[in-house]
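Engineer: Take a look and give me a structure for this.
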Amino acid sequence: MSILAFQDNKATGNRSMSGQDHAIPPDLGGPLFADAAGAPQVIACLPLAECYSTTFRNLDVMKGEGEADAVKVAGTEA
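Structural biologist: Numbers count the residues shown, from 1 in each chain. Coordinates of the predicted model:
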């Protein structure tokens, strides 16, 4: 179980794995995108024109660190 708080581009809290608590590092490298059940709907609202690309950061709770994820529109369907 993880208990996290997000404020000012930082996450604080602990994650519990295999009965051990691990602190989340305070600096995750920048603002975080909410990676949750509604994330695909948020991505669908981006201006997904051909050649559009963006990068956003998520918190990998299992690793306890921030990670950058890229989105790029490769083409359109006919």
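Engineer: What count of nearby residues applies to residue 11?
Structural biologist: Neighbourhood size, residue 11 [other C-beta atoms under 10 Å]: 19. All C-beta atoms are positioned from the backbone trio N, CA, C, and that covers glycine.
Engineer: ok, now the one 4 residues further on?
Structural biologist: Counted with other C-beta under 10 Å, the burial measure for residue 15 works out to 18 neighbours.
Engineer: So it is in contact with residue 24, correct?
Structural biologist: Yes. The pair residue 15 / residue 24 is scored as a contact, 6.4 Å apart, by C-beta atoms under 8 Å.
Engineer: Give me the common contacts of those two.
Structural biologist: 4, 64 (C-beta atoms under 8 Å, 6 or more residues apart in numbering).
Engineer: where do the helices sit along the chain?
Structural biologist: 39-44 (DSSP state H).
Engineer: In it, where is pLDDT below threshold?
Structural biologist: Within the chain, the segments meeting pLDDT under 70 span 1-2, 9, 26, 28, 34-36.
Engineer: Relative to residue 21, how far out is the residue nearest the centre of it?
Structural biologist: Nearest to the mean C-alpha position of the chain, counting by C-alpha atoms, centre = their mean, stands residue 58 at 1.6 Å. Relative to residue 21, residue 58 is positioned 21 Å away (C-beta to C-beta, to the nearest Å).
Engineer: what's the burial count for residue 56?
Structural biologist: With other C-beta under 10 Å as criterion, residue 56 counts 19.
Engineer: Tell me if I'm right that it and residue 39 touch.
Structural biologist: No. With contact defined as C-beta under 8 Å, residue 56 does not count as touching residue 39 (9.4 Å).
Engineer: intersection of neighbour lists for those two?
Structural biologist: residue 33.
Engineer: Could I get the full set of strands for the chain?
Structural biologist: Applying DSSP state E to the chain gives strands spanning 2-7, 10-17, 20-23, 53-60, 65-72.
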